[in-house]
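> structure for the following, please:
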Amino acid sequence: MVLPKFDGVCVLKEPVDKWRNVNGHNLLQLMYQDPKRYAMPFQSNVQLTMLELHNKKTSKSIKLMERSIFSARYCFVENLYRSEVIEASEFEVLSQWFEYVVNSSDIDLEVDLVVYLRTEPEKALDRIKARGRGEENSIPLQYLQELHRLHDEWLLESKFKVPAPVVVINANQDKELMLAEYNKLESIIFNKSREKALVLKNNAKIILNEINENQVKENIKEKGKENQIKEKIKKNGKEN
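Modelled structure (predicted):
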């Protein structure tokens, strides 16, 4: 993930180093080597370390996290359950623990904005290979396709609870273009003009940039036409 530096922003990267060393145990490697055996303890550790990041104190006015406890549950844990890597009992334990944490009045998990760097699975796989992280050298394309679909279900279709407005960015571009995109959206991401370009979708507000605005509008338009046709068919059926 490309994380540019902005003044007054505390950037918290995914805590991979902690996953690689849980008192000497590399849970990340163990999970990829034997997911049936180690997915449950790995995801338990992921939720713990994400919770630590959510509650990390900072003197900066803005805290920017790479992923969250929400994406861990709605995308990664959900995928493990759907693909039958974890048992139903393990899924329930992780889900109940997640629900307790997010609904606790003693824990502050408030999120102001979600930035969705929407990347095609093929592009994500290319970047994983280029990154060369040893534990990830056997990740199949299908796994990334499943996660991509779940991120869309969560952030675009609101099949799971969305904790905040969402900015959708086309992240299939190279590093230079991505940095330019960040700079262009800085005023929206950092709450300087967030009321600009808001579109309501179910219970989430999706803030659109130039890349996907026309596409989403066209989809909404086509969906409206489809509903009109269905209504006409239904009406004609009643008349007959």
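> pick out the residue nearest the middle of this protein.
With the centre of the chain defined as its mean C-alpha position, the nearest residue by Cα atoms, centre = their mean is S71, 4.7 Å away.
> what are the ranges of the helices in the chain?
Across the chain, reading from the start of the chain, the helices by DSSP state H fall at 16-20, 27-33, 35-54, 69-71, 78-82, 88-103, 121-131, 141-155, 175-184, 186-189, 210-239.
> turn those into a markdown table, including distance to D7.
Glycine gets a C-beta too; all of them are placed from N, C-alpha and C. Putting those into a markdown table (distance: least, Cβ to Cβ, whole Å) gives the following:
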| stretch | distance to D7 |
| --- | --- |
| helix 16-20 | 26 |
| helix 27-33 | 33 |
| helix 35-54 | 21 |
| helix 69-71 | 26 |
| helix 78-82 | 36 |
| helix 88-103 | 31 |
| helix 121-131 | 28 |
| helix 141-155 | 28 |
| helix 175-184 | 13 |
| helix 186-189 | 11 |
| helix 210-239 | 25 |
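> least trustworthy helix or strand in the protein by mean pLDDT?
The helix or strand of the chain with the lowest confidence, counting by mean pLDDT, DSSP states H and E, is strand 198-201 at a mean of 39.
> that older thread, for the residue nearest to the centre of the chain, give me its contacts.
Contact analysis of S71 by Cβ atoms under 8 Å, 6 or more residues apart in numbering lists H151, W154.
> about what we covered before: looking at the helices of the chain, which is closest to I169?
When the helices of the chain are ranked by proximity to I169, the top entry is helix 175-184, at 5.9 Å, counting by Cβ to Cβ.
> quick check: buried residues in the closest one?
By neighbour count with 16 or more other Cβ atoms under 10 Å, helix 175-184 contains the buried residues M178, E181, Y182.
> next one: that helix to chain centre, how far?
Between the mean C-alpha point of helix 175-184 and the mean C-alpha point of its chain there is a distance of 19 Å (Cα atoms, centre = their mean, to the nearest Å).
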